[in-house]
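Asker: This is the structure alone, sequence omitted:
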Ligand SMILES: [Zn+2]
């Protein structure tokens, strides 16, 4: 039988990922991926821009997370910041940069960004660009969604300044979170996440795309602690992404009693367990989400 090679490290792969048969897995770089990619669900109405009480609360939480996210650039003032998968431009609007470009696949997202006064490119337009000379390019929980993440990284390399940085937020399959929660793990998200990266796999992919890794942060709050919280709710309530459904913009969602009960429990009495889980994962570098900062390989520090 013909063996299927890992697209990242080119070694032989396994037909399942910790008992999950929908995935292939590479034991060498720990990369996992769906055998069959789902059809894209990012319709033109994905970003509706609706507002209700939960989106009002969410805007404050988001502002705090955007503040943390900005710190990875390490610079006070940026000439050009490009955000890949910019959504409705909420984060890009918050960064300190003279010029900002949001790259977004969804037409509704691009329309909302334009109303916010941001420069906009579709993903296809960005992939044709070179020499935009950005000081910072962010890929915040994007690479796991696209069919060929390497083409977005290569385009990033072409459009990054000599001393520029890229910031990548991704889930980590080589985590305690995944090993413990398995199919209940929030970041598994098989409808949306085609690729499941490990620190080793992203490092390999970055080096093949012309980058060298500056740092990997295992302590990120934004997608790590929220991922643990959501995974505990999923596991106990037996449903899928309750909190996410409640706080994310524009998703029609009506939770049941069990969903609300377990959400309240894990946000209050159960929260010390969530926090402890986060702490242990971060210390042992087995976090369910990581942030990688990299620069061009040809220009060492
Ligand atoms: Zn591999």
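Answerer: Great, that's in hand. Note that the structure is a prediction, hence the values are computed from the model and not measured.
Asker: On the three-state scheme, the residue nearest to residue 38 when sequence neighbours are not counted is what?
Answerer: The shortest distance from residue 38 to any non-neighbouring residue, by C-beta to C-beta, 6 or more residues apart in numbering, is to residue 191 (5.7 Å). Bear in mind the C-beta positions are built from the backbone N, C-alpha and C, glycine included. When classified by DSSP: H, G, I helix; E, B strand; the rest coil, residue 191 comes out as coil.
Asker: Can you give me the distance of residue 191 to residue 145?
Answerer: Separation of residue 191 from residue 145 (C-beta to C-beta, to the nearest Å): 10 Å.
Asker: higher neighbour count, those two?
Answerer: Shown here are residue 191 and residue 145; by other C-beta atoms under 10 Å, residue 145 has more neighbours (17 against 12).
Asker: residues contacting that one?
Answerer: With contact taken as C-beta atoms under 8 Å, 6 or more residues apart in numbering, residue 145 is in contact with 85, 192, 193, 194.
Asker: so who does the residue in the stretch 51-200 of the chain that the ion sits nearest to touch?
Answerer: Relative to the ion, the nearest point of the stretch 51-200 of the chain is residue 200 (8.1 Å; C-beta to the ion). Shown in contact with residue 200 (C-beta under 8 Å, 6+ apart): 29, 30, 174.
Asker: and of the residues you listed, the nearest to residue 62?
Answerer: residue 174 (27.8 Å; C-beta to C-beta).
Asker: What does the pLDDT read for that closest one?
Answerer: At residue 174, the pLDDT value in this model is 96.
Asker: can you offset everything so residue one is 873?
Answerer: Right, with 873 as the first residue, what we last looked at is residue 1046.
Asker: hang on, isn't it packed against residue 1158?
Answerer: Yes - using C-beta atoms under 8 Å, residue 1046 makes contact with residue 1158 at a distance of 7.1 Å.
Asker: For residue 1019, grab the count of nearby residues.
Answerer: 9.
Asker: go on, residue 1148?
Answerer: Neighbour tally, residue 1148, other C-beta under 10 Å: 11.
Asker: how far away is it from the ion?
Answerer: From residue 1148 across to the ion, the span is 32 Å (C-beta to the ion, to the nearest Å).
Asker: same deal with residue 907?
Answerer: Residue 907 sits 15 Å away from the ion, going by C-beta to the ion.
Asker: residues in contact with that residue?
Answerer: 894, 895, 896.
Asker: Any stretches of the stretch 1023-1172 of the chain with poor pLDDT?
Answerer: Scanning the stretch 1023-1172 of the chain for pLDDT under 70 picks out the ranges 1112-1126, 1171-1172.
Asker: can you map out the helices along it?
Answerer: Shown for the stretch 1023-1172 of the chain, the helices assigned by DSSP state H, counting those that start in this stretch span residues 1048-1053, 1071-1080, 1096-1109, 1114-1119, 1129-1139, 1143-1155.
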